[in-house]
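[1] Generate coordinates for the sequence data below:
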Amino acid sequence: MKKILFLLLCLIIAFYVIQNNNEVSKKEKNEDVFEEKGVFISYIDYGILKGKNKHEMQSIISEMINNVSYFGLNSIILQTSPFSDAIYPSKVYKSSHVVVQEEGDPLPLDILKFFIEKANEKNISVYAWVNPYRIRNDNNIGDINKDAYYYKWINTDNIEITDNGIFLNPASGDVLDYITMGLKELCQNYDIKGVIYDDYYYPNDTIDLNTYNKTNKSKSLKQYRIDNINKLISSSYDAVKSVNKNIKFGLSPAGNIENNLDKEYLDIKSVLKSDDIDMIIPQLYYGFDNKNKPYISTLNEWSDLNEKNKNLYVALSLYKSGKIDIYAGSGENEWLENTNIIKKQIVISRNAKNYKGFYIFRYEYLFNIHSNQNLNKEIENLRILINQ
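    Take a look at the predicted model:
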């Protein structure tokens, strides 16, 4: 009798162990196969909010989130600070001139909060997309709110005014403190999944010359600039994690690794070896036939660099569909002759090491009505893939 009871007990224990292992396996499998399917929403996309009242803004945002959800996407990267400003109430930034009549005017709606609320209803993740150094795309300082935090830096080394825009100096410690202050406020006040910087770092080769000349010049100017961007990234990571360790921090740099280093002074090889980012979203805005940067070899290049197994996402250029790709050399007509490039890129990318998902650039190209029939076919092929 005792032997029978003992055997029954062993069988029961074995059953529960097997069941538990099965549940763990299922959980691990689900985590492995989960794919972020997302879209960038830039200040251009939500520029239609400008001049609208609270209810009109809510209606527009609700429709945008519904579009994202109906398409089968589960994530957005939302531009929250496009010009050293904010689409949400902030003590660090003034309200963005993109969504109010004049910079600093009261916001009819906390736009970021409402985006998050509507996204949560549809199980859509929200990442905040921040441009750390840009103040304007033009040189009109008259449009800048005189109470803006950085206004006192005009006509100092901390800001440069050029024909192409107004920018904060990446070499300035004051500027870095200002950027991290804004990040901390953002992460404290909003339930975001992560924070993303894109591909704009050094705006030109003159902005920091005065600052560099005040150093002992023990480093080359190039290394000095690389160090400044490394410091931006590590300080930003620390600022985010000091508020909430669960918020991810990452970069969405240009797909051309050499240009990142030589023009933006972003040493992505070094950054990927560091512990200063959680995720990387290279802008792989190339076709398969691009002469200099064909998609597959460029994807592999990024995947091979990712030795520390950061989450890898791919940013894809839907905006090229139906157009001549003037920088693609012999592959310039690829986007005219094919209507399933994005679909194929996603399928191929799924085999890359640490691939976690894709992001389409950008909302307008995915959801607005187009006369470009190639683009419409590309979108339909993409929709079929996502909802398979």
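[2] So which residues of this structure form helices?
    Ranges of helices in the chain, per DSSP state H, are 2-33, 54-71, 111-121, 173-189, 209-213, 221-243, 257-263, 268-273, 295-305, 334-337, 341-349, 363-367, 373-386.
[3] nearest to Gln101, of the ones you listed?
    Of all those, it is helix 54-71 that lies closest to Gln101, at 13.5 Å by Cβ to Cβ. The way it works is simple: take the backbone N, C-alpha and C, and place the C-beta from them, glycine included.
[4] could you dump the closest one to CSV, C-alpha only?
    In CSV, the C-alpha atoms belonging to helix 54-71 read as follows (Å, rounded to 0.1, in the frame of the first residue of the first chain):
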residue,chain,number,x,y,z
LYS,A,54,-9.2,70.2,-27.1
HIS,A,55,-12.1,68.1,-28.6
GLU,A,56,-10.8,68.4,-32.1
MET,A,57,-7.3,67.3,-31.0
GLN,A,58,-8.8,64.3,-29.2
SER,A,59,-10.8,63.3,-32.3
ILE,A,60,-7.7,63.5,-34.6
ILE,A,61,-5.5,61.6,-32.2
SER,A,62,-8.2,58.9,-31.6
GLU,A,63,-8.4,58.4,-35.4
MET,A,64,-4.7,58.1,-35.7
ILE,A,65,-4.5,55.4,-33.0
ASN,A,66,-7.4,53.6,-34.5
ASN,A,67,-5.7,53.6,-37.9
VAL,A,68,-2.5,52.1,-36.3
SER,A,69,-4.5,49.4,-34.5
TYR,A,70,-6.7,48.5,-37.5
PHE,A,71,-3.6,48.1,-39.6
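[5] buried residues in that helix?
    Using 16 or more other Cβ atoms under 10 Å as the test for burial, helix 54-71 gives 57-58, 61, 64-65, 68-69, 71.
[6] so which pair among the residues you listed is furthest apart in space?
    Maximum pairwise distance among those (Cβ to Cβ): 21.7 Å, between Met57 and Phe71.
[7] coming back round to it: can you tell me which of the helices of the chain is nearest to Pro132?
    In terms of Cβ to Cβ, the element of those nearest to Pro132 is helix 173-189, at 4.9 Å.
[8] So what's the gap between that closest one and the chain middle?
    For helix 173-189, the separation from the chain centroid amounts to 17 Å (computed by Cα atoms, centre = their mean, to the nearest Å).
[9] Could you shift the numbering so residue one becomes 32, and keep it that way?
    Taking 32 as the first residue, the last one we looked at is helix 204-220.
[10] So what's the residue count around the nearest residue to Pro234 once chain neighbours are set aside?
    Sequence neighbours aside, Phe198 is the residue nearest to Pro234 in space, at 4.3 Å (criterion: Cβ to Cβ, 6 or more residues apart in numbering). Phe198: 24 surrounding residues under other Cβ atoms under 10 Å.
[11] residue contacts, Phe198?
    By Cβ atoms under 8 Å, 6 or more residues apart in numbering, the contact list for Phe198 reads 164-166, 190-191, 234-235, 238.
[12] what bits of the stretch 132-281 of the chain have low per-residue confidence?
    By pLDDT under 70, the stretch 132-281 of the chain contains no weakly predicted segment.
[13] picking that back up, which of the buried residues of helix 85-102 lies closest to Ile75?
    Closest to Ile75, out of all of those and judged by Cβ to Cβ, is Met95, at 12.9 Å.
[14] Run through the residues that contact the closest one.
    Per Cβ under 8 Å, 6+ apart, neighbours of Met95: 72, 76-77, 394, 398.
[15] what about burial for the residues you listed, which qualify?
    Buried among these (16+ other Cβ under 10 Å): 72, 76-77, 394, 398.
[16] From Asn241, how far out is the residue nearest to Pro234?
    14 Å (Cβ to Cβ, to the nearest Å).
[17] Sort out which residues of stretch 219-236 are buried, please.
    Buried-residue list, stretch 219-236, by 16+ other Cβ under 10 Å: 220-221, 223-234.
[18] coming back round to it: roughly how far does the residue nearest to Pro234 sit from Pro163?
    Going from Phe198 to Pro163 by Cβ to Cβ gives 10 Å.
[19] Asn418 reaches Asn105, doesn't it?
    No: the pair Asn418 and Asn105 does not pass the contact test of Cβ atoms under 8 Å, sitting 11.9 Å apart.
[20] Of those two, give the one with the bigger neighbour count.
    Regarding Asn418 and Asn105, a neighbour count based on other Cβ under 10 Å identifies Asn105 as having more, with 19 against 10.
[21] Pull up the per-residue confidence for the more buried one.
    Predicted confidence (pLDDT) for Asn105: 98.
[22] contacting residues around it?
    By Cβ under 8 Å, 6+ apart, the contact set of Asn105 is 67-69, 154-156.
[23] Now it: phi and psi?
    phi -130, psi 10 (degrees, to the nearest 10).
[24] go on, Ser115?
    phi 50, psi 40.
[25] show me what contacts the nearest residue to it once chain neighbours are set aside?
    Using Cβ to Cβ, 6+ apart and skipping residues adjacent in sequence, the residue nearest Ser115 is Ile166, 4.9 Å away. Each residue near Ile166 by Cβ under 8 Å, 6+ apart is listed here: 114-115, 175, 181, 190, 196-199.
[26] please redo it, this time with the cut-off set to 7 Å
    114-115, 181, 197-199 (Cβ atoms under 7 Å, 6 or more residues apart in numbering).
[27] Distance to Asn342 added to those residues, as CSV?
    Output for the contacts of Ile166, formatted as CSV (distance: Cβ to Cβ, whole Å):
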residue, distance to Asn342
Phe114, 28
Ser115, 28
Tyr181, 32
Ile197, 34
Phe198, 30
Leu199, 28
